[in-house]
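A.B. asks: 3D model of this:
(one chain, ligands or ions: 2)
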Amino acid sequence: MKRTSIKNLLTTPSLIGTVVEAKGWVRTRRGNKHVQFIQLNDGSTINNIQVVLDMTKFTDEELKPVTTGSSIRVTGKLVESMGKGQSCEIQADTLELYGTADPATYPLQKKGHTLEYMREIAHLRPRSNFFGAVLRVRSALAFAIHKFFNERGFYYLHTPLITASDAEGAGAMFQVTTLDLDNLPKTEEGKTDYSKDFFGKHTSLTVSGQLEGELGATALGQIYTFGPTFRAENSNTPRHLSEFWMIEPEMAFYDITDNMDLAEEFLKYCITYALENCEDDIKFLEERFDKGLTERLKFVVENDFVRLPYGEGVKILEASGKKFEFPVHWGTDLQSEHERYLVEEHFKKPVILTDYPKEIKAFYMKQNEDGKTVRAMDVLFPHIGEIIGGSEREADYDKLLTRIEELHIPMKDMWWYLDTRRFGTVPHSGFGLGFERLVLFVTGMTNIRDVIPFPRTPGKAEF
Ligand code: 4AD
Ligand code: MG
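C.D. replies: Ligands and ions are numbered 1, 2, ... in the order given. Below you'll find the model as predicted:
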């Protein structure tokens, strides 16, 4: 006999009346001496299947270890259910116990744990309803992302995780070394001698695949990356992780407007995919945590994003009369409170801010004629703030070199990047979507630690 997933058992009418096999983890068992009911879940769906045990066929002794969290195999006839809330149930003929879960020590014995507590048991968290839902949505979104780019002729480029350049300046980096930290080799000047290190130089984990992505785009036309990135900032906020996943499309022959069009289409595509393919999970998360979730997702899909230069955004913030924790004027980097004011209170729509002051943006962004601003674009979302950061890139060799020198970025790290502008340079653009911020938005969760299976944040990397 072959196991059928609970998802298929619940959604395949032709299976009704046949003998089936299900395997999974017991959510609850209740009943009396005549009949017992098990709610069984196998992770294929948020929904449980009910297993009905006629106690003339089973003994109390046999069922005693079948407690919440234990794992079992059952066989029996699948029948339409009389009870409300379920479409069908299994009338058990046999039950086999795989593993027990001692009620005295099983951490998920009771319902209603806080999300904070669940983070402390990250090894068992995937067994909970809420995290199962989040993980299924996360998986669906990852698939939607590949589907979106594949349908549009983009190539998936694998950029390195270990890098010798820290030129992007997107964040503090984690060093990668095999040197013995208790006994470092020294140069004559008394500095660490990295020529003795594994790669013969100082290396780190990447903060972004963009610079390598540009090498791909200026050869294959349009590429995207989708992989982990690492930032060693000590930011303990609900929107920052030390290890997060980023999607970075990069397109030759795209200007900033093409870039914004793609970003908007991309976000709407992913959210629509989740609405269409993760209905049960989104409904569960909505009921449990966020009553306005579906409405908010649909609203984003159905409305045009506002597009606005940074300078205009700052004027709106200054005129708002609102007391922000961080004061705002032309030249300041926007904080989440400013971004959310524009999106949630002023426009009540997602906003794409463009043309930021060059001082607060990366060296590679295309400079505007005003000499003050660059062709940056940040997409700002309700509940999230910045979800995407991107720009048109500086394609002019001399301008790029001048900017690199102004910022004292070491040339020895940058020659390979500059070569894209020396040989067949083209206008091009790209952006980066923080994957967890998208998952955060689509699941309605409020803390980024609750949308990645094993969050890494300052001081936390146990499992
Ligand atoms: O704005 P960022 O730093 O842009 C880049 O890294 C560019 N290289 C992207 C590009 O143009 N190809 O990061 C992009 C996005 C942010 O908008 C945010 O959604 C997310 O990555 N992000 C983080 N997500 C979780 N934790 C962090 N510490 C994050 N830092 C950025
Ligand atoms: Mg950014």
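
A.B. asks: my guess is residue 15 contacts residue 78, does it?
C.D. replies: Yes. Contact criterion Cβ atoms under 8 Å: residue 15 and residue 78 qualify, at 5.3 Å. All C-beta atoms are positioned from the backbone trio N, CA, C, and that covers glycine.

A.B. asks: need the overlap of contacts for the two.
C.D. replies: Residues within reach of residue 15 and of residue 78 at once, by Cβ atoms under 8 Å, 6 or more residues apart in numbering, are 9, 88.

A.B. asks: which one's more surrounded, the two?
C.D. replies: Comparing residue 15 with residue 78 by other Cβ atoms under 10 Å, the one with more neighbours is residue 78, at 22 against 15.

A.B. asks: so in terms of bridging, what pairs with that one?
C.D. replies: Note on residue 78: beta-bridge partners by DSSP bridges are residue 90.

A.B. asks: quick one: contacts for it?
C.D. replies: With Cβ under 8 Å, 6+ apart, residue 78 has these contacts: 9, 15-20, 88-90.

A.B. asks: distance check, it against residue 48.
C.D. replies: Going from residue 78 to residue 48 by Cβ to Cβ, to the nearest Å gives 14 Å.

A.B. asks: and for residue 156?
C.D. replies: Taking Cβ to Cβ as the measure, residue 156 falls 36 Å from residue 48.

A.B. asks: what do you get for residue 388?
C.D. replies: Distance from residue 388 to residue 48, counting by Cβ to Cβ: 37 Å.

A.B. asks: near ligand 1, which residues of the chain show up?
C.D. replies: 168, 170, 208, 210, 231, 240-241, 244, 246, 248, 386-390, 430-432, 434, 436-437 (Cβ under 6 Å from any ligand atom).

A.B. asks: if we use 5 Å, what do you get?
C.D. replies: By the rule Cβ under 5 Å from any ligand atom, the part of the chain lying against ligand 1 is 170, 208, 210, 231, 240-241, 244, 248, 386, 389-390, 430-432, 434, 437.

A.B. asks: now the buried members of those.
C.D. replies: In those, burial by neighbour count holds for 170, 208, 210, 231, 240-241, 244, 248, 386, 389-390, 430-432, 434, 437, counting by 16 or more other Cβ atoms under 10 Å.

A.B. asks: out of those, show me where the pLDDT dips lowest.
C.D. replies: Within these, residue 170 has the lowest pLDDT, namely 73.

A.B. asks: I figured that one hits residue 362, correct?
C.D. replies: Yes. The pair residue 170 and residue 362 passes the contact test of Cβ under 8 Å, sitting 7.0 Å apart.

A.B. asks: quick one: the helices in the stretch 201-350 of the chain, in order.
C.D. replies: 210-220, 256-277, 279-288, 293-302, 310-319, 336-340 (DSSP state H, counting those that start in this stretch).

A.B. asks: okay, helices next: where are they in the stretch 1-150 of the chain?
C.D. replies: Ranges of helices in the stretch 1-150 of the chain, per DSSP H, counting those that start in this stretch, are 6-11, 60-63, 115-120, 129-151.

A.B. asks: quick one: work out the angle between the longest one and helix 256-277.
C.D. replies: For helix 129-151 and helix 256-277, the angle between their directions (axes from the mean of the first three to the mean of the last three Cα atoms, to 10 degrees) works out to 130 degrees.

A.B. asks: beyond helix 129-151, next helix or strand please.
C.D. replies: On the C-terminal side of helix 129-151, the nearest following helix or strand under DSSP states H and E is strand 155-156.

A.B. asks: show me what that following strand is packed against.
C.D. replies: In terms of contacts (3 or more Cβ pairs under 8 Å, 6 or more residues apart in numbering; DSSP states H and E), strand 155-156 is packed against helix 129-151, strand 222-230.

A.B. asks: for the following helix or strand past it, packing partners?
C.D. replies: Next in sequence after strand 155-156, counting helices and strands by DSSP H and E, comes strand 162-163. The contact analysis (3+ Cβ pairs under 8 Å, 6+ apart) places strand 162-163 against strand 203-205.
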